[in-house]
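# Provided below are the primary sequence and the corresponding predicted coordinates.
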Amino acid sequence: MGFRMMNRQRDKFTASIGFFHGAKDCAMVSIAGGLFGFVFGILSHAKGFSAFNAGFMSTIVYAGSVQMIALSIWDTQHLALAGLLMTAYMVSLRFLLMGATLQPLLKGTPALRAYLGMFILVDENWALTLLKHQKARRKRHYLFSYYLGSGLIFYLTWIASSILGNVMGDFIDNPAKFGFDFAFVALFLALLMGVRRGRRDILPWATAAIVAIFSAHVLPGAWYIMLGALSGSIMGVLRDYH
């Protein structure tokens, strides 16, 4: 019994160290992510969000790309909720693969704790956790706590920066004057460069761009987002099939 108690105390200590290391390693990365959250806050103010609403959205959604999509079509009435959900789902598909790569680190973790932990999954803490795992084969107690520490500090920074950006929106009458309206485009260009696999991606990307541009000119609202994403995905499936 005493030996088991010692092991349990050691695991708790290891987990605490992992949590601290994760938070420390992600601190500077969180500041960079917070800048994007700040931009989201400013743009949300321009859409009529209060500081509470901006913070609440960042708290329950916690997905920069999805939140930017929602803002871009917030004042349109031609895109049904189902269309918004489908577009958000397609944009966030990468999290399925990212979560799958973390599965080996979750063995032995209670299911509820693991599922709740996946809520704070973002590109940054995912990459840091895998890098830590590759550099040093740490125990699962350490790695999962490292993941939680890095994810939690990023999560809190994202919420705080969103609220701060919204408050500062009172002093910025025209976000486009400072180029903040380009954040949505810049985000997806960065995502594209992160998932590109070479010249074989040119065809689906070009298809999505052409359909989106055409749809934006002939259809009301933000249907071009969903239609562009769907057409690019279909072309990618056809390419791989042949």
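That came through, no problem.
# Contacts only, for G228.
Going by C-beta atoms under 8 Å, 6 or more residues apart in numbering, G228 touches 208-209, 211-212, 215. From N, CA and C alone the C-beta is placed, and that goes for glycine too.
# Wait, T129 touches S145, no?
No - taking C-beta atoms under 8 Å as the definition, T129 is not a contact partner of S145, at 10.2 Å.
# what's the overlap in contacts for those two?
With C-beta under 8 Å, 6+ apart, T129 and S145 have common neighbours G22.
# re earlier: possible to save the contacts of G228 as JSON lines with neighbour count?
Formatted as JSON lines, the contacts of G228 follow (neighbours: other C-beta atoms under 10 Å):
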{"residue": "A208", "neighbour count": "22"}
{"residue": "A209", "neighbour count": "13"}
{"residue": "V211", "neighbour count": "19"}
{"residue": "A212", "neighbour count": "18"}
{"residue": "S215", "neighbour count": "18"}
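# Domain-wise, how is the chain divided?
2-184, 196-242 (automatic domain parsing).
# out of those domains, deepest packed?
domain 2-184 (a mean of 17; mean count of other C-beta atoms under 10 Å).
# I'd like the mean pLDDT over that one, please.
Per-residue pLDDT over domain 2-184 has a mean of 82.
# Contact partners for G149?
The neighbourhood of G149, defined by C-beta under 8 Å, 6+ apart, consists of 18-24, 26.
# how far away is it from L143?
As judged by C-beta to C-beta, to the nearest Å, G149 and L143 stand 11 Å apart.
# pretty sure G37 is touching G64, no?
Yes - assessed by C-beta under 8 Å, G37 is found in contact with G64 at 7.3 Å.
# which residues do those two both contact?
W158.
# Give me the residue at the spatial middle of the chain.
Nearest to the mean C-alpha position of the chain, by C-alpha atoms, centre = their mean, lies A63 at 3.9 Å.
# which one is that one nearest to, not counting chain neighbours?
S92 (6.2 Å; C-beta to C-beta, 6 or more residues apart in numbering).
# So that neighbour sits against S65, correct?
Yes - taking C-beta under 8 Å as the definition, S92 is a contact partner of S65 at 7.2 Å.
# pLDDT of the helix or strand that contains V237, averaged?
V237 belongs to helix 223-241 when assigned by DSSP states H and E. Averaged across helix 223-241, the pLDDT comes to 79.
# Make 342 the first number, not 1, from now on.
Renumbered: residue one is now 342, and that last one reads helix 564-582.
# so how far is that helix from its chain's centroid?
21 Å (C-alpha atoms, centre = their mean, to the nearest Å).
# CA-only coordinates of it in PDB, if you can.
C-alpha atoms of helix 564-582 as PDB (Å, rounded to 0.1, in the frame of the first residue of the first chain):
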ATOM      1  CA  TRP A 564     -22.500  31.500 -49.800                       C
ATOM      2  CA  TYR A 565     -19.200  31.800 -51.600                       C
ATOM      3  CA  ILE A 566     -17.300  30.500 -48.500                       C
ATOM      4  CA  MET A 567     -19.200  27.200 -48.300                       C
ATOM      5  CA  LEU A 568     -19.400  26.700 -52.100                       C
ATOM      6  CA  GLY A 569     -15.700  27.400 -52.500                       C
ATOM      7  CA  ALA A 570     -14.800  25.000 -49.700                       C
ATOM      8  CA  LEU A 571     -17.200  22.300 -51.100                       C
ATOM      9  CA  SER A 572     -15.900  22.500 -54.600                       C
ATOM     10  CA  GLY A 573     -12.300  22.400 -53.600                       C
ATOM     11  CA  SER A 574     -12.900  19.400 -51.400                       C
ATOM     12  CA  ILE A 575     -14.800  17.500 -54.200                       C
ATOM     13  CA  MET A 576     -12.000  18.300 -56.600                       C
ATOM     14  CA  GLY A 577      -9.500  16.900 -54.100                       C
ATOM     15  CA  VAL A 578     -11.400  13.700 -53.700                       C
ATOM     16  CA  LEU A 579     -11.700  13.300 -57.500                       C
ATOM     17  CA  ARG A 580      -7.900  13.900 -57.900                       C
ATOM     18  CA  ASP A 581      -7.100  11.300 -55.300                       C
ATOM     19  CA  TYR A 582      -9.600   8.800 -56.800                       C
END
